[in-house]
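> Output the structure for:
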Amino acid sequence: MRARTGVVIPAAGSGTRMESRTPKQFLELGGKPLLVHSISAFADCDFIAQVVVAVSEEHYDTALQMLSNHLPGNPKLVVTIGGRRRQDSVKNGIGALDTTIDVVLVHDGARPLVTRGLIERCYREILKHGAAIAAVPVKDTLKRADADLKVSVTVDRDSLWQAQTPQGARKELLEKAYGKIGDADVTDESMLLEKAGIVVRLVTGEESNFKITRKEDLVLAESIIAARKGSIRIGHGFDAHRFIDGRPLVLGGIEIDHHRGLAGHSDADVVCHALCDAILGALGEGDIGSHFPDNDPAYKGISSLILLDKVTELSASLGMKLTSADITIICQAPKLASYINEMKGQLAHHCRVETGLVNIKATTTEKMGYVGREEGISCHAVVLVERS
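The predicted structure follows:
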(Lines give C-alpha, C1' and ligand atoms only; values in the text may rest on other atoms or scores of the structure.)
Protein backbone atom coordinates (compact mmCIF):
# COMPACT_ATOMS: atom_id res chain seq x y z
CA MET A 1 0.00 0.00 0.00
CA ARG A 2 1.23 3.48 -0.82
CA ALA A 3 0.04 6.86 0.38
CA ARG A 4 0.84 10.24 -1.10
CA THR A 5 3.50 11.42 1.31
CA GLY A 6 4.94 14.83 2.10
CA VAL A 7 7.82 15.89 4.33
CA VAL A 8 8.17 19.01 6.43
CA ILE A 9 11.71 20.03 7.42
CA PRO A 10 11.72 22.80 10.05
CA ALA A 11 14.93 24.81 9.68
CA ALA A 12 14.12 28.23 11.07
CA GLY A 13 16.34 28.03 14.17
CA SER A 14 19.40 30.15 14.82
CA GLY A 15 21.65 27.42 16.29
CA THR A 16 23.21 29.62 18.98
CA ARG A 17 25.16 26.74 20.54
CA MET A 18 27.27 26.47 17.37
CA GLU A 19 28.81 29.88 18.18
CA SER A 20 28.52 30.85 14.52
CA ARG A 21 26.97 33.86 12.81
CA THR A 22 25.66 31.49 10.15
CA PRO A 23 22.73 29.31 11.29
CA LYS A 24 23.96 25.74 11.61
CA GLN A 25 21.65 24.44 8.87
CA PHE A 26 23.59 26.52 6.32
CA LEU A 27 27.07 25.52 7.51
CA GLU A 28 29.16 23.37 5.17
CA LEU A 29 29.22 19.61 5.72
CA GLY A 30 30.91 17.37 3.20
CA GLY A 31 31.16 20.17 0.66
CA LYS A 32 27.55 21.34 0.79
CA PRO A 33 25.21 22.95 3.34
CA LEU A 34 24.13 20.69 6.18
CA LEU A 35 20.48 21.30 5.29
CA VAL A 36 20.99 19.99 1.75
CA HIS A 37 21.95 16.57 3.17
CA SER A 38 18.73 16.46 5.20
CA ILE A 39 16.58 17.52 2.23
CA SER A 40 18.27 15.18 -0.25
CA ALA A 41 17.67 12.11 1.91
CA PHE A 42 13.90 12.59 1.48
CA ALA A 43 13.86 14.08 -2.02
CA ASP A 44 15.67 10.97 -3.28
CA CYS A 45 12.93 8.62 -1.97
CA ASP A 46 10.53 7.65 -4.76
CA PHE A 47 7.58 7.38 -2.34
CA ILE A 48 8.00 11.01 -1.22
CA ALA A 49 5.91 13.38 -3.34
CA GLN A 50 6.82 16.72 -1.76
CA VAL A 51 9.41 18.23 0.58
CA VAL A 52 8.61 21.53 2.30
CA VAL A 53 11.46 23.38 4.01
CA ALA A 54 10.39 25.94 6.64
CA VAL A 55 13.00 28.66 7.20
CA SER A 56 13.06 32.04 8.90
CA GLU A 57 11.97 35.04 6.86
CA GLU A 58 15.50 36.40 7.17
CA HIS A 59 16.97 33.34 5.43
CA TYR A 60 14.21 32.68 2.88
CA ASP A 61 16.23 33.99 -0.08
CA THR A 62 19.35 32.14 1.16
CA ALA A 63 17.39 28.89 1.18
CA LEU A 64 16.06 29.46 -2.33
CA GLN A 65 19.58 30.13 -3.63
CA MET A 66 20.92 27.07 -1.79
CA LEU A 67 18.37 24.79 -3.44
CA SER A 68 19.02 26.40 -6.82
CA ASN A 69 22.76 25.69 -6.44
CA HIS A 70 22.59 22.15 -5.05
CA LEU A 71 19.21 20.69 -6.09
CA PRO A 72 18.28 22.69 -9.19
CA GLY A 73 14.92 22.10 -10.83
CA ASN A 74 13.68 19.48 -8.34
CA PRO A 75 9.86 19.70 -8.55
CA LYS A 76 9.40 18.15 -5.11
CA LEU A 77 10.91 21.09 -3.23
CA VAL A 78 9.00 24.00 -1.66
CA VAL A 79 10.35 26.71 0.68
CA THR A 80 8.02 28.40 3.14
CA ILE A 81 8.39 30.78 6.09
CA GLY A 82 8.67 29.11 9.49
CA GLY A 83 7.44 30.37 12.84
CA ARG A 84 8.73 31.41 16.24
CA ARG A 85 8.59 27.87 17.62
CA ARG A 86 9.33 24.52 16.01
CA GLN A 87 5.63 23.58 16.18
CA ASP A 88 4.74 26.82 14.36
CA SER A 89 7.23 26.02 11.57
CA VAL A 90 5.83 22.50 11.22
CA LYS A 91 2.27 23.83 11.12
CA ASN A 92 3.22 26.33 8.41
CA GLY A 93 4.95 23.53 6.52
CA ILE A 94 1.87 21.30 6.67
CA GLY A 95 -0.16 24.21 5.35
CA ALA A 96 2.21 24.50 2.37
CA LEU A 97 1.78 20.84 1.38
CA ASP A 98 -0.48 19.85 -1.50
CA THR A 99 -4.03 19.06 -0.42
CA THR A 100 -3.57 15.57 -1.90
CA ILE A 101 -0.94 14.60 0.70
CA ASP A 102 -2.13 11.79 3.02
CA VAL A 103 0.94 11.14 5.20
CA VAL A 104 3.27 13.74 6.71
CA LEU A 105 6.81 13.05 7.89
CA VAL A 106 8.68 15.70 9.89
CA HIS A 107 12.45 15.74 10.09
CA ASP A 108 14.92 18.08 11.81
CA GLY A 109 16.93 20.09 9.32
CA ALA A 110 19.96 19.56 11.59
CA ARG A 111 19.90 15.74 11.30
CA PRO A 112 21.83 15.35 8.02
CA LEU A 113 22.76 11.65 8.35
CA VAL A 114 19.29 10.11 8.22
CA THR A 115 19.19 7.03 5.99
CA ARG A 116 16.61 5.89 3.47
CA GLY A 117 16.16 2.72 5.52
CA LEU A 118 15.04 4.66 8.60
CA ILE A 119 12.77 6.90 6.52
CA GLU A 120 11.09 3.84 5.02
CA ARG A 121 10.63 2.15 8.42
CA CYS A 122 8.90 5.23 9.82
CA TYR A 123 6.74 5.52 6.70
CA ARG A 124 5.60 1.88 6.91
CA GLU A 125 4.80 2.18 10.62
CA ILE A 126 2.62 5.24 9.94
CA LEU A 127 0.75 3.32 7.24
CA LYS A 128 0.10 0.49 9.73
CA HIS A 129 -0.68 2.42 12.89
CA GLY A 130 -1.30 6.08 12.00
CA ALA A 131 1.62 7.73 13.82
CA ALA A 132 5.27 6.88 14.48
CA ILE A 133 8.53 8.28 15.78
CA ALA A 134 12.16 7.24 15.33
CA ALA A 135 13.95 6.77 18.66
CA VAL A 136 16.91 4.91 20.17
CA PRO A 137 17.00 3.21 23.58
CA VAL A 138 18.78 5.21 26.29
CA LYS A 139 22.15 3.54 26.98
CA ASP A 140 23.70 5.74 29.65
CA THR A 141 22.75 5.76 33.30
CA LEU A 142 20.52 8.76 34.01
CA LYS A 143 20.57 10.89 37.16
CA ARG A 144 17.98 13.34 38.42
CA ALA A 145 19.49 16.30 40.34
CA ASP A 146 18.05 18.78 42.81
CA ALA A 147 18.43 22.56 42.68
CA ASP A 148 21.95 22.32 44.19
CA LEU A 149 23.09 19.87 41.49
CA LYS A 150 23.17 16.99 43.96
CA VAL A 151 22.04 13.62 42.67
CA SER A 152 18.56 12.92 44.03
CA VAL A 153 17.80 9.65 42.26
CA THR A 154 19.06 7.28 39.58
CA VAL A 155 16.42 6.97 36.88
CA ASP A 156 15.39 3.54 35.64
CA ARG A 157 16.29 3.59 31.94
CA ASP A 158 14.72 0.26 30.92
CA SER A 159 11.70 1.86 29.26
CA LEU A 160 13.35 5.14 28.19
CA TRP A 161 13.96 6.08 24.57
CA GLN A 162 15.74 9.09 23.08
CA ALA A 163 13.56 10.77 20.46
CA GLN A 164 14.84 11.38 16.94
CA THR A 165 13.22 12.27 13.65
CA PRO A 166 11.60 11.38 11.28
CA GLN A 167 8.35 11.62 13.16
CA GLY A 168 5.01 11.68 11.50
CA ALA A 169 1.41 10.66 11.13
CA ARG A 170 -1.48 10.64 8.77
CA LYS A 171 -2.15 14.25 7.87
CA GLU A 172 -5.66 14.31 9.38
CA LEU A 173 -4.25 13.15 12.75
CA LEU A 174 -1.71 15.99 12.84
CA GLU A 175 -4.36 18.54 11.90
CA LYS A 176 -6.65 17.13 14.60
CA ALA A 177 -3.84 17.39 17.19
CA TYR A 178 -3.08 21.01 16.29
CA GLY A 179 -6.76 21.81 16.68
CA LYS A 180 -6.89 20.25 20.15
CA ILE A 181 -3.77 21.70 21.80
CA GLY A 182 -4.38 25.33 20.88
CA ASP A 183 -1.30 27.41 21.70
CA ALA A 184 0.25 24.99 24.23
CA ASP A 185 4.01 24.42 23.82
CA VAL A 186 5.22 21.06 22.52
CA THR A 187 8.77 19.97 21.77
CA ASP A 188 8.07 17.57 18.92
CA GLU A 189 5.30 15.94 16.88
CA SER A 190 5.09 12.95 19.19
CA MET A 191 4.29 15.21 22.14
CA LEU A 192 1.75 17.06 20.01
CA LEU A 193 -0.01 13.80 19.15
CA GLU A 194 0.23 12.47 22.72
CA LYS A 195 -1.48 15.58 24.11
CA ALA A 196 -4.30 15.01 21.63
CA GLY A 197 -4.73 11.42 22.84
CA ILE A 198 -3.32 9.86 19.65
CA VAL A 199 -1.18 6.72 20.02
CA VAL A 200 2.36 7.01 18.64
CA ARG A 201 4.45 3.94 17.82
CA LEU A 202 8.23 3.71 18.27
CA VAL A 203 10.53 2.80 15.39
CA THR A 204 14.11 1.87 16.29
CA GLY A 205 16.30 4.72 15.08
CA GLU A 206 20.02 4.90 14.31
CA GLU A 207 22.87 6.21 16.46
CA SER A 208 24.32 8.05 13.45
CA ASN A 209 21.06 10.01 13.07
CA PHE A 210 22.13 12.57 15.66
CA LYS A 211 21.27 16.24 15.72
CA ILE A 212 24.04 18.73 14.96
CA THR A 213 24.14 21.15 17.89
CA ARG A 214 27.82 21.83 18.60
CA LYS A 215 31.01 22.27 16.57
CA GLU A 216 32.31 18.83 17.49
CA ASP A 217 29.17 17.27 16.02
CA LEU A 218 30.22 18.57 12.59
CA VAL A 219 33.59 16.80 12.89
CA LEU A 220 31.88 13.51 13.73
CA ALA A 221 29.37 13.95 10.89
CA GLU A 222 32.20 14.61 8.40
CA SER A 223 33.89 11.34 9.38
CA ILE A 224 30.65 9.37 9.00
CA ILE A 225 30.01 10.85 5.55
CA ALA A 226 33.56 9.95 4.50
CA ALA A 227 33.14 6.38 5.79
CA ARG A 228 29.83 5.96 3.94
CA LYS A 229 31.48 6.98 0.68
CA GLY A 230 33.87 4.01 0.93
CA SER A 231 37.59 3.76 1.52
CA ILE A 232 38.72 3.47 -2.13
CA ARG A 233 36.86 5.02 -5.06
CA ILE A 234 37.56 5.48 -8.76
CA GLY A 235 36.62 8.45 -10.95
CA HIS A 236 36.84 9.31 -14.65
CA GLY A 237 36.86 12.76 -16.21
CA PHE A 238 36.78 14.03 -19.78
CA ASP A 239 36.95 17.48 -21.30
CA ALA A 240 37.41 19.03 -24.74
CA HIS A 241 37.79 22.61 -25.96
CA ARG A 242 38.14 24.06 -29.45
CA PHE A 243 41.05 26.25 -30.50
CA ILE A 244 40.56 30.02 -30.69
CA ASP A 245 42.84 32.87 -31.72
CA GLY A 246 44.01 35.52 -29.30
CA ARG A 247 44.32 33.42 -26.11
CA PRO A 248 47.29 31.68 -24.51
CA LEU A 249 47.22 27.90 -24.47
CA VAL A 250 47.19 26.57 -20.89
CA LEU A 251 47.44 22.85 -20.15
CA GLY A 252 48.00 21.33 -16.73
CA GLY A 253 48.47 24.81 -15.30
CA ILE A 254 51.40 25.50 -17.67
CA GLU A 255 51.38 28.03 -20.50
CA ILE A 256 52.31 26.23 -23.71
CA ASP A 257 54.08 27.89 -26.64
CA HIS A 258 51.47 27.77 -29.42
CA HIS A 259 49.84 30.27 -31.77
CA ARG A 260 46.31 29.52 -30.52
CA GLY A 261 44.66 28.93 -27.16
CA LEU A 262 41.44 27.19 -26.17
CA ALA A 263 37.96 28.71 -25.96
CA GLY A 264 36.19 28.64 -22.61
CA HIS A 265 34.71 30.62 -19.71
CA SER A 266 37.78 30.03 -17.53
CA ASP A 267 41.30 29.61 -18.92
CA ALA A 268 39.94 26.48 -20.71
CA ASP A 269 42.61 24.18 -19.28
CA VAL A 270 41.24 20.81 -20.45
CA VAL A 271 43.77 18.89 -18.33
CA CYS A 272 42.74 20.55 -15.07
CA HIS A 273 39.07 20.25 -16.01
CA ALA A 274 39.29 16.53 -16.75
CA LEU A 275 41.21 15.97 -13.50
CA CYS A 276 38.66 17.97 -11.49
CA ASP A 277 35.80 15.97 -13.03
CA ALA A 278 37.55 12.68 -12.26
CA ILE A 279 38.06 13.60 -8.60
CA LEU A 280 34.48 14.87 -8.26
CA GLY A 281 33.27 11.63 -9.85
CA ALA A 282 35.21 9.55 -7.35
CA LEU A 283 33.73 11.60 -4.51
CA GLY A 284 30.20 11.25 -5.90
CA GLU A 285 29.96 15.04 -6.02
CA GLY A 286 28.65 15.72 -9.53
CA ASP A 287 30.78 17.47 -12.11
CA ILE A 288 32.81 20.62 -12.59
CA GLY A 289 29.89 22.49 -14.15
CA SER A 290 27.71 22.07 -11.07
CA HIS A 291 30.44 23.46 -8.81
CA PHE A 292 31.80 26.17 -11.11
CA PRO A 293 29.03 27.16 -13.57
CA ASP A 294 30.18 28.63 -16.89
CA ASN A 295 27.61 31.43 -16.54
CA ASP A 296 29.01 32.63 -13.21
CA PRO A 297 31.11 35.80 -13.68
CA ALA A 298 33.23 34.80 -10.67
CA TYR A 299 34.90 32.15 -12.85
CA LYS A 300 35.41 34.29 -15.94
CA GLY A 301 39.02 33.82 -17.06
CA ILE A 302 39.95 32.13 -13.78
CA SER A 303 42.99 29.87 -13.58
CA SER A 304 41.78 26.29 -13.51
CA LEU A 305 44.41 25.57 -10.87
CA ILE A 306 42.20 27.56 -8.48
CA LEU A 307 39.30 25.26 -9.37
CA LEU A 308 41.56 22.25 -8.74
CA ASP A 309 42.46 23.75 -5.35
CA LYS A 310 38.77 23.95 -4.47
CA VAL A 311 38.13 20.35 -5.54
CA THR A 312 41.14 19.23 -3.48
CA GLU A 313 39.74 21.11 -0.48
CA LEU A 314 36.37 19.43 -0.97
CA SER A 315 38.07 16.03 -1.10
CA ALA A 316 39.92 16.76 2.14
CA SER A 317 36.72 17.95 3.84
CA LEU A 318 35.17 14.55 3.00
CA GLY A 319 38.15 12.75 4.52
CA MET A 320 39.42 11.58 1.11
CA LYS A 321 42.76 12.00 -0.66
CA LEU A 322 44.08 11.39 -4.17
CA THR A 323 46.28 8.28 -4.42
CA SER A 324 46.71 7.99 -8.20
CA ALA A 325 45.94 10.01 -11.31
CA ASP A 326 46.47 8.87 -14.90
CA ILE A 327 45.88 11.59 -17.51
CA THR A 328 45.88 11.32 -21.30
CA ILE A 329 46.03 14.52 -23.38
CA ILE A 330 44.85 14.05 -26.96
CA CYS A 331 46.08 16.67 -29.43
CA GLN A 332 47.59 16.74 -32.90
CA ALA A 333 49.53 19.91 -32.13
CA PRO A 334 51.48 21.27 -30.35
CA LYS A 335 54.01 18.68 -29.21
CA LEU A 336 53.87 18.36 -25.43
CA ALA A 337 56.71 16.02 -24.45
CA SER A 338 58.91 18.82 -23.10
CA TYR A 339 56.10 20.12 -20.85
CA ILE A 340 54.96 16.84 -19.27
CA ASN A 341 57.18 16.86 -16.16
CA GLU A 342 56.34 20.48 -15.37
CA MET A 343 52.61 19.71 -15.70
CA LYS A 344 52.96 16.71 -13.38
CA GLY A 345 54.68 18.82 -10.73
CA GLN A 346 52.09 21.59 -10.99
CA LEU A 347 49.09 19.25 -10.73
CA ALA A 348 50.64 17.21 -7.92
CA HIS A 349 51.32 20.39 -5.95
CA HIS A 350 47.71 21.55 -6.24
CA CYS A 351 46.38 18.07 -5.42
CA ARG A 352 48.69 18.01 -2.36
CA VAL A 353 50.36 14.74 -3.37
CA GLU A 354 53.79 13.55 -4.46
CA THR A 355 54.64 14.09 -8.11
CA GLY A 356 55.01 10.35 -8.67
CA LEU A 357 51.27 9.85 -8.04
CA VAL A 358 50.36 11.87 -11.15
CA ASN A 359 51.02 10.39 -14.59
CA ILE A 360 50.51 12.34 -17.82
CA LYS A 361 50.64 11.01 -21.37
CA ALA A 362 50.13 12.84 -24.66
CA THR A 363 48.97 11.25 -27.89
CA THR A 364 47.50 12.13 -31.29
CA THR A 365 44.60 10.68 -33.26
CA GLU A 366 46.67 10.12 -36.40
CA LYS A 367 44.93 13.16 -37.92
CA MET A 368 41.46 11.63 -37.48
CA GLY A 369 38.47 13.58 -36.10
CA TYR A 370 38.30 17.08 -34.65
CA VAL A 371 41.58 16.63 -32.80
CA GLY A 372 43.29 15.32 -35.92
CA ARG A 373 42.02 18.32 -37.87
CA GLU A 374 43.58 20.53 -35.16
CA GLU A 375 40.20 21.99 -34.21
CA GLY A 376 40.77 21.44 -30.51
CA ILE A 377 42.24 19.39 -27.67
CA SER A 378 40.63 16.75 -25.45
CA CYS A 379 41.73 15.03 -22.28
CA HIS A 380 40.82 11.94 -20.23
CA ALA A 381 41.67 11.49 -16.54
CA VAL A 382 41.24 8.45 -14.30
CA VAL A 383 41.84 8.74 -10.55
CA LEU A 384 41.79 6.68 -7.41
CA VAL A 385 40.95 8.37 -4.11
CA GLU A 386 40.95 6.78 -0.69
CA ARG A 387 39.91 7.63 2.82
CA SER A 388 42.69 9.54 4.54
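> Cross-check the contact I'm expecting between residue 242 and residue 375.
Yes - using CB atoms under 8 Å, residue 242 is in contact with residue 375, at 5.6 Å. The way it works is simple: take the backbone N, C-alpha and C, and place the C-beta from them, glycine included.
> Confidence-wise, which helix or strand of this structure is lowest on average?
helix 215-228 (a mean of 86; mean pLDDT, DSSP states H and E).
> Which elements pack onto whichever helix or strand comes after it?
The element immediately downstream of helix 215-228 (helix or strand, assigned by DSSP states H and E) is strand 232-244. Secondary-structure packing of strand 232-244 (3 or more CB pairs under 8 Å, 6 or more residues apart in numbering; DSSP states H and E): strand 261-262, helix 270-283, strand 376-387.
> Output these in JSON lines; the columns should cover mean neighbour count, mean pLDDT and distance to residue 108.
Compiled in JSON lines, those are given as follows (neighbours: other CB atoms under 10 Å; pLDDT from 0 to 100; distance: least, CB to CB, whole Å):
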{"stretch": "strand 261-262", "mean neighbour count": "22", "mean pLDDT": "96", "distance to residue 108": "47"}
{"stretch": "helix 270-283", "mean neighbour count": "26", "mean pLDDT": "97", "distance to residue 108": "26"}
{"stretch": "strand 376-387", "mean neighbour count": "22", "mean pLDDT": "95", "distance to residue 108": "27"}
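> can I get those in JSON lines with distance to residue 146?
Formatted as JSON lines, the helices and strands packed on strand 232-244 follow (distance: least, CB to CB, whole Å):
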{"stretch": "strand 261-262", "distance to residue 146": "74"}
{"stretch": "helix 270-283", "distance to residue 146": "51"}
{"stretch": "strand 376-387", "distance to residue 146": "47"}
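> that older thread, how big is the angle separating the least confident helix or strand of the chain from helix 270-283?
100 degrees (axes from the mean of the first three to the mean of the last three CA atoms, to 10 degrees).
> Residues in contact with helix 215-228: which ones?
18-19, 27, 29-30, 34, 37, 112-113, 208, 210-212, 317-320, 387 (CB atoms under 8 Å, 6 or more residues apart in numbering).
> Mark which of the residues you listed are buried, thanks.
18, 27, 29-30, 34, 37, 112-113, 208, 210, 212, 317-320 (16 or more other CB atoms under 10 Å).
> Give me the below-cutoff pLDDT ranges for the protein.
1-2, 14-19 (pLDDT under 70).
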